[in-house]
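Student: here's a sequence, model it:
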Amino acid sequence: MTLFEVFDWLEQTPIGTLIRDSSWLFPAIESVHLLGLALLGGAVLMVDLRLLGFGLPGKTAGELVDQTRPWMLGAIATLIATGIPLFLSEAVKCYFSDAFWLKMGALVVALGFTFGVRDRIAGRALVIWQQRALASASIAVWLTVAAAGRWIGFS
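Tutor: Residues are numbered from 1 along each chain as shown. Take a look at the predicted model:
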């Protein structure tokens, strides 16, 4: 079975068909997906803006990592729970979409970078340029995920 055949099969699942045939399910799920994206963006930016020297001067980046982690995990759970049914409703379109593949690749990088690098070293004593580089890389990779996700809808 080819990857295209898998995507085609996924699109024909009852969930994919239900969402695709409904006039209101896709926009309702997409709305929750975008709320999850906003929550994720807020959690990411709280830490990254602090690393850049903006906002919450009484908190360290490490403290913000700890305080925003539950929000970030909740946002990621929401994005997965809504992203899968959205994908199922248009899997074949996603298969042919460069934006989809860019988003999925950037998502893997963003999650790995956030939990494997940024969150582990944000609380350490870093010099200013290291903090700025860390925050800039984080913002860039998450913006790539978000922009590619929006691009899926227009491609």
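
Student: okay, CA-based contacts and neighbour counts for the rest of this
Tutor: Fine.

Student: and the strand or helix carrying Val6, which residues are buried?
Tutor: Element membership of Val6, judged by DSSP states H and E, is helix 3-11. Of the residues in helix 3-11, those buried under the neighbour-count criterion (16 or more other Cα atoms under 10 Å) are 7-8, 10-11.

Student: list the contacts of that helix.
Tutor: By Cα atoms under 8 Å, 6 or more residues apart in numbering, the surrounding residues in contact with helix 3-11 are 16-17, 87-92, 95.

Student: okay, buried residues for whichever helix or strand comes after it please.
Tutor: Beyond helix 3-11 in the direction of the C-terminus, DSSP H and E gives the next helix or strand as helix 14-21. Neighbour-count burial for helix 14-21 flags 15-20 (criterion: 16+ other Cα under 10 Å).

Student: for helix 14-21, C-alpha coordinates in CSV please.
Tutor: Extracted C-alpha coordinates of helix 14-21, given in CSV (Å, rounded to 0.1, in the frame of the first residue of the first chain):
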residue,chain,number,x,y,z
PRO,A,14,-16.5,7.6,8.8
ILE,A,15,-15.0,10.6,10.6
GLY,A,16,-13.5,12.1,7.5
THR,A,17,-16.7,11.6,5.5
LEU,A,18,-18.8,13.0,8.4
ILE,A,19,-16.8,16.1,8.6
ARG,A,20,-16.5,16.6,4.9
ASP,A,21,-20.2,16.1,4.3
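
Student: done for today, thanks.
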